[in-house]
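**Student:** This is a predicted model, with the sequence first.
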Amino acid sequence: MSFKPGGYYVRGVVILVVAVLLPAGCADSQAAKVAAAQSETVWLSSLEVAKMSSGWGKAVVGKSVQNQELSIGGKKFTEGVGTHANSVMYIDLKRAAKRFSAYVGVDDEVDGNIGSITFKVFGDDRELFDSGIMKAGEAAQKVDVDLSGVKTLILLVNSAGDGINYDHADWAQAKFEVVGAQPKAMDRPKEKAVILTPSPGPEPRINGPKVFGVRPGRPFIYRIPATGKRPMTFAVSNLPEGLKLDSQSGIITGNVPGQSGEYVLSLKASNGHGSAERAFTIVVGDTLALTPPMGWNSWYIHYNRVTDQNMREAADAMVESGMADFGYMYVNIDDCWMKKKQDEPYRDENGAVLTNAKFPDMKAMTDYIHSKGLRAGIYISPGPWTCAGYVGSYQHEKDDAWKFAEWGFDFLKYDWCSYGQIAKDRSLAELQKPYQQMGDILKTLDRDVVLNLCQYGMGEVWKWGGQVGGHCWRTTGDLGLSPSFMQIGLSNARHYEYAQPGRWNDPDYILIGWVGDAHQMGEGQLTTLSPNEQYAYMSMWSLMAAPLIYSGEMTKLDEFTLNVLCNAEVIEVDQDSLGQQGRIITQTDEELILAKDMEDGSKAVGLFNNDELDRKMSIKWSDLGIKGKYRVRDLWRQKDIGEFTDQYEGKVSRRGVIMIRLFPVR
Ligand code: GLA
């Protein structure tokens, strides 16, 4: 038994004395005094702090996130918790806590750097405290809130809308006054993985892009993406000479005409339940990837374990899971198909790059992928070594490009990696050089190869990626190594003016379902993203006209993951022929609104709630430059919500999205 202030033994004595001395009639004040006497201090740091999330590193007991003495605006604190935006902690108070108090602010360890954050405290959906934006160096703010009757408390730290750099956040001297049950850190409440999208009907529906770019006379392969019950029969009218259709599989193959021009086809799919027809234009000319590429990449699940067999299985799964019926078509191998540094020789006597033992026959592999009506992609670096330490194309650029074409690849991811050792400096000329070189070589090949620049956004690649021959370019570092898809998505979102048909900003892959741990190139596990976050992720990528490249385990696609990846109306927003990347209408800490003009005059809008609580959000017609009555359709549920004038308001789930499309009512 201790005599620590607030300890049970001390309280017991006080209660006894009070009860004996106070006369009847003073019951109320007596109760108040008893309560006050019973109250006990519980430090936030004594709870299970591992349950507080941290946007960088992890939450630390009694110290800053970098393990220094807690310090805000020059004042030191001996108690508290240090964390980093974005951070959240749920605490079960069991209605027994009376008050919560703390001093909050940016920790002085960021020393001159521009950290800015907001602290919020919520009690059962009610905001109890909002610090407003707090910057590095500012004095701590005092939090002191009444918790009477509150069941669940949420402590939140946001990045104040400017990214999480240097957002070291302190909950100093944070404590509860409690009577009775002890507060307990909780797991973030789990959402049910609700499947929002109705399954496709048995009748045919043709999906995928409406336009497709091919260079004159080049080989063409296209599996008409159509949902509906099999067997299905396909027909195409106006098929240009040189192309043929397999009416059972719906795969078009052959070579497109040597003449530039637009060939407007009509695709038809029929089965016992009905038929569907849709126009599809093959644009023979200079521009490939008229809509963002869709497919799968091996990196985030197979890493250096990748094999020929994995690639074939991915192709099988793309068809069998139905993904191909929604337009997914590229089956792309990432790093690690070539020889490693220690495994000389890397090339044959003619300079042709050699594969490692896990890829015995590349041509047979691409033939297999093509036999399904899909396309094959490959990866290499312009430097001497790839990022994972396998051989790169340096001084063999032409050999490699020709080899890739001979093997039958249709897509190349060209990853900067060790080219940093070759480049003289980081001038624009040096950054562009390897990509310009490869872009030029690819144009001389006898097959189309879509070029994906991977150099993490250096030199504002969005401004010149298209000029050097790229069709899409990563705008950021690796998503798998980043704390959140939202952060990567937001940096990509800013470059919306630069996207257009044949030129896409690439925020990296869709990492949901069964995916590997990027930090350790680990085996797969089920994503830790909540269902709401997964809907938000796919909506954001589609509104940004991003390449839709899934990079999880294709042989373990569950129903929920497929429902997120395969909603025809959401994908239609991504694949729209106008090729606009959604622009940012609103961006605050809690809210993001993206809006995209569609070719048919409709507007696609995403209302993203980045907060821990559901919130009402609205989009005003004036922000979209429109007036009058619009039919609003919920794209995830594929259901009309109603007709609205002036604005639409809806309740958006925490960390979730409402994705809608507005059609003018004439
Ligand atoms: C870089 C890229 C990743 C992946 C790896 C492979 O990190 O950004 O997407 O290709 O290299 O080593």
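**Tutor:** Received, thanks.
**Student:** Just the mean pLDDT for stretch 553-560, thanks.
**Tutor:** Computed over stretch 553-560, the mean pLDDT rounds to 98.
**Student:** Determine how far the last residue of that stretch lies from the first.
**Tutor:** End-to-end distance for stretch 553-560, by C-alpha to C-alpha, to the nearest Å: 14 Å.
**Student:** got the buried residues for it?
**Tutor:** E553, M554, L557, F560 (16 or more other C-beta atoms under 10 Å). Glycine gets a C-beta too; all of them are placed from N, C-alpha and C.
**Student:** do the same with stretch 295-312
**Tutor:** 295-304, 306-308, 310-312.
**Student:** Let me know whether it sits next to the ligand.
**Tutor:** Yes - applying C-beta under 6 Å from any ligand atom, one finds stretch 295-312 touching the ligand at W299.
**Student:** Over to stretch 470-488?
**Tutor:** Yes - part of stretch 470-488 sits near the ligand under the criterion C-beta under 6 Å from any ligand atom, namely D478.
**Student:** quick one: that stretch to chain centroid distance?
**Tutor:** Mean C-alpha position of stretch 470-488 versus that of the full chain (C-alpha atoms, centre = their mean, to the nearest Å) differs by 8 Å.
**Student:** Convert that stretch to PDB, retaining C-alpha atoms only.
**Tutor:** Extracted C-alpha coordinates of stretch 470-488, given in PDB (Å, rounded to 0.1, in the frame of the first residue of the first chain):
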ATOM      1  CA  GLY A 470       7.100   8.700 -71.200                       C
ATOM      2  CA  HIS A 471       3.400   7.800 -71.000                       C
ATOM      3  CA  CYS A 472       3.200   7.800 -67.200                       C
ATOM      4  CA  TRP A 473       5.600   8.800 -64.500                       C
ATOM      5  CA  ARG A 474       5.800   8.200 -60.800                       C
ATOM      6  CA  THR A 475       5.400  11.600 -59.000                       C
ATOM      7  CA  THR A 476       6.500  10.400 -55.600                       C
ATOM      8  CA  GLY A 477       8.600   7.900 -53.600                       C
ATOM      9  CA  ASP A 478       7.500   4.400 -53.000                       C
ATOM     10  CA  LEU A 479       4.000   4.200 -51.700                       C
ATOM     11  CA  GLY A 480       4.700   1.000 -49.900                       C
ATOM     12  CA  LEU A 481       7.300   2.800 -47.800                       C
ATOM     13  CA  SER A 482       5.100   5.700 -47.000                       C
ATOM     14  CA  PRO A 483       2.900   6.100 -44.000                       C
ATOM     15  CA  SER A 484      -0.300   6.600 -46.000                       C
ATOM     16  CA  PHE A 485      -1.800   6.400 -49.500                       C
ATOM     17  CA  MET A 486      -3.500   9.700 -48.700                       C
ATOM     18  CA  GLN A 487      -0.200  11.500 -48.300                       C
ATOM     19  CA  ILE A 488       1.100  10.100 -51.600                       C
END
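**Student:** So the residue of the stretch 201-350 of the chain found nearest the ligand versus F359, what's the distance?
**Tutor:** Residue of the stretch 201-350 of the chain nearest the ligand, by C-beta to the nearest ligand atom: D335 (3.5 Å). Distance, D335 to F359, using C-beta to C-beta, to the nearest Å: 12 Å.
**Student:** who's more crowded, these two?
**Tutor:** D335 (23 against 20; other C-beta atoms under 10 Å).
**Student:** Would you agree that one is in contact with A388?
**Tutor:** Yes - the criterion here is C-beta atoms under 8 Å, and D335 meets it with A388 at 4.6 Å.
**Student:** anything in contact with each of the two?
**Tutor:** Y303, N304 (C-beta atoms under 8 Å, 6 or more residues apart in numbering).
**Student:** you'd agree I154 is up against F119?
**Tutor:** No - look at I154 against F119 with C-beta under 8 Å: they stay out of range, at 11.3 Å.
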